[in-house]
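J.: Here you go, sequence then predicted model.
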Amino acid sequence: MGNNKEAWGSRVGLILAMAGNAVGLGNFLRFPVQAIQNGGGAFIIPYLVCFLLMGIPLLYVEWSMGRFGGKKGHHSTPFILGAMDKRKFWKYIGVFGIFTNLAVAAYYCYLESWTLSWVWHSVKGTFAGQSQEQVASFFGNYVSLETMEPIIFWVLCLVLNTWILSRGLSGGVEKVAKIGMPLLLIFGAILAYMAVTLKAGEHGAKFDGTMGLNFLWTPDFSSIWNMKVWLAAAGQIFFTLSIGMGSIQCYASYVRSKDDIALNAMSAGWMNGFVEIVLGSAIIIPISVGYLGIDTVIEMTKNGGLGLGFKTLPYLFQQWGGTLAIICGLFWFGLLFFAGITSSLAMGTPCMGFMQDEFGWKREKAAWTFGLAVFLLGLPTVLFFNYGVFDEYDYWAGTVSLVVFALFEIILFAWVFGIDKGWKEITEGADIKVPGIFKYIIKYITPLFLGWVFFSSLPNIWSQIKNEAIDKQILAATDPNIIEQLKTQLMYVNISRVGLLLVWLGVAYLVYIAYKKRIKEGRFL
Ligand code: PHE
């Protein structure tokens, strides 16, 4: 066995760390934007259906797979999957569970570092007295690297993550979750209260805060037939619950073999649901709709929506007056920071677990190696942000990979490992009675549903590979400078795609070496 003697310190710590893993920037930045882009109330029904038919079943599956692999001393998906079926194929499917974490961490940590910087600027009063355009151009200049500041905050953020990871699960990750999660809930509740009670005419607001909420929460059944909305909802469920990633399996592999996973999985999953559905929908949407109206907000999120959180909210907070603006800025970006860091820490653990288990590395060495890898892989997203590299990573690693991995994983669990054995794993040591219907959902509905999501995304994936969207823009453009810029973008996008592929292959190669090493040493596979 390797050097890996990690364990969780307490049950509360485990649940908070798992909830922290799930609750991330996805809940506060991605969810509202997805909801707005997909018609508000039209989004909610597919979202909830996906939560029940894919989210919850996959949580059970991933937690139980993790604990199962952990019993045999495996803490990363190549060998967790490998323990469930002898065929070599599964170890290579498990590569996704390391690759995705590396590649998502590479762009996620950059985003996370913005929140630190924005905390600093909110407190320093940078946005005081600025017009909406000025706040927006502050963002534009930032990501164009007009100064060194973004790099400094980014490196700071990486070092912080790495240092916490090097302190281990109970000594690092768990402590951060125990402080970060409660603070996040408090900050979120205060901001949500302010947003929902926003009144038209007060502090320059045009509409009541509740208007935004109604837009989101008035179900519109017409969307049931719209594939695009379903795919967006499925993608959001994956991202927000961190399923199809490998990080849940890794966290769960450190649960003791007789301990409950059923109740733990539900606690963490529903806590994430609560934070997303209640807090995630009650801050950014009511405030921006209150000031700008629904149409403007929809327009602003057409080309991605990161802007709302960083470009618009700091300006809108200013309308509430000096001190309040500082406090709200601190709460909002502080909340985002805690949401982000508890998730990025989770992305570090599968890679570390792999190196500790397979190559006998010490925790510190594994952590700093992960930090370095994220730095190298993240550098293009920082340097070429304006050329779409960030979005390209998000598309392949943060969207497509999750669905592909989850699809294989559920087939392995329900059909190869076998649902009867699987069900025993889920219910063993359970502190709640898992409704029997989930046995059928996991066996039939979730795989079919996932297969459907995957196959209906194929045209979209193909069009992405062919760069249809950028090509269209090039054709439509008349200004030679813009055409030039788009062509450069095309180049960076293609290079980053090849880069990601190489990372996947690199991880697969390490898995191959680890496998050979195990055979040579006669270690239990
Ligand atoms: N679930 C996190 C979020 O909502 C993202 C995440 C993905 C975290 C993968 C860990 C692993 O932001």
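T.: Great, that's in hand. Numbering: from 1, shown residues only.

J.: Student question: in the protein, what's the helix or strand with minimum average pLDDT?
T.: Every helix and strand in the chain was compared by mean pLDDT, DSSP states H and E; the lowest is helix 306-307, with a mean of 81.

J.: Now for Ala346: which residues touch it?
T.: Ala17, Gly20, Asn21, Asn101, Val173, Ser242, Ser247, Cys250, Tyr251 (CB atoms under 8 Å, 6 or more residues apart in numbering). C-betas here are computed from N, CA, C, even on glycine.

J.: Go ahead and confirm the fourth one touches Leu345.
T.: Spelled out, it's Asn101. No. With contact defined as CB atoms under 8 Å, Asn101 does not reach Leu345; the gap is 10.8 Å.

J.: and Trp361, how many residues sit next to it?
T.: Trp361 is flanked by 18 other residues according to other CB atoms under 10 Å.

J.: Quick check: phi and psi at it.
T.: phi -70, psi 150 (degrees, to the nearest 10).

J.: Look up the pLDDT of it for me, please.
T.: On the pLDDT scale, Trp361 is placed at 96.

J.: Name the nearest residue to it, sequence neighbours excluded.
T.: Distances taken as CB to CB, 6 or more residues apart in numbering place Met355 nearest to Trp361, at 4.5 Å, with adjacent residues excluded.

J.: do the helix or strand hosting that neighbour and the ligand meet at all?
T.: In the assignment (DSSP states H and E), Met355 maps to helix 322-359. Yes. Helix 322-359 reaches the ligand (CB under 6 Å from any ligand atom) through Ser343, Ala346, Met347.

J.: List the residues that contact Val404.
T.: With CB under 8 Å, 6+ apart, Val404 has these contacts: Phe96, Gly244, Phe454.

J.: Give me the buried positions along the host helix or strand of it.
T.: Applying DSSP H and E as the criterion places Val404 in helix 401-411. Using 16 or more other CB atoms under 10 Å as the test for burial, helix 401-411 gives Ser401, Leu402, Val403, Val404, Phe405, Ala406, Leu407, Phe408, Glu409, Ile410.

J.: I'd say the third one and Phe238 touch.
T.: Yes. Contact criterion CB under 8 Å: Val403 and Phe238 qualify, at 6.5 Å.

J.: Just give the number of residues close to Gly41.
T.: Neighbours of Gly41 using other CB under 10 Å come to 18.

J.: And Gln37, by the same measure?
T.: Neighbour tally, Gln37, other CB under 10 Å: 18.

J.: Begin at 658, not 1, for the rest of this chat.
T.: In the new numbering, first residue 658, that becomes Gln694.

J.: any idea how far Pro876 is from it?
T.: Distance check for Gln694 against Pro876: by CB to CB, to the nearest Å, it reads 17 Å.

J.: Need the phi and psi values for Trp960.
T.: Not quite, residue 960 is Asn, not Trp. Torsion angles, degrees, to the nearest 10, at Asn960: phi -100, psi 60.

J.: burial count for it?
T.: The tally of other residues near Asn960 (other CB under 10 Å) stands at 10.

J.: mind listing what it touches?
T.: Applying CB under 8 Å, 6+ apart to Asn960 gives no contacts.

J.: Show me what the next helix or strand after the helix holding Val1061 is in contact with.
T.: Counting by DSSP H and E, the next helix or strand C-terminal to helix 1058-1068 is helix 1076-1084. By CB under 8 Å, 6+ apart, the surrounding residues in contact with helix 1076-1084 are 717-718, 720-722, 724-725, 918-919, 1070-1071, 1091, 1095-1096, 1099-1100.

J.: of all those, which two lie farthest apart?
T.: Arg724 and Lys1100 (19.8 Å; CB to CB).

J.: Looking at these two, which is more packed in?
T.: Neighbour comparison, Arg724 and Lys1100: the larger count goes to Arg724, with 26 against 20 (by other CB under 10 Å).

J.: right, and that one touches Ala909 too?
T.: Yes. The criterion here is CB under 8 Å, and Arg724 meets it with Ala909 at 5.1 Å.

J.: intersection of neighbour lists for these two?
T.: Ile918.

J.: Now do stretch 912-923, average pLDDT.
T.: Here stretch 912-923 scores 95 as its mean pLDDT.

J.: Buried residues in it, which are they?
T.: Val912, Asp916, Asp917, Ile918, Ala919, Leu920, Asn921, Ala922, Met923.

J.: Quick check: closest non-adjacent residue to the fifth one.
T.: Spelled out, that is Ala919. Ala1087 (3.7 Å).

J.: so how far is stretch 896-905 off the chain centroid?
T.: Remark: stretch 896-905 is offset 7 Å from the chain centroid, using CA atoms, centre = their mean, to the nearest Å.

J.: count of neighbours near whatever residue of the stretch 958-1107 of the chain ends up closest to the ligand?
T.: For the stretch 958-1107 of the chain and the ligand, the shortest gap (CB to the nearest ligand atom) falls at Ser1000, measuring 3.6 Å. By other CB under 10 Å, 26 other residues sit near Ser1000.

J.: This completes my enquiry, with thanks.
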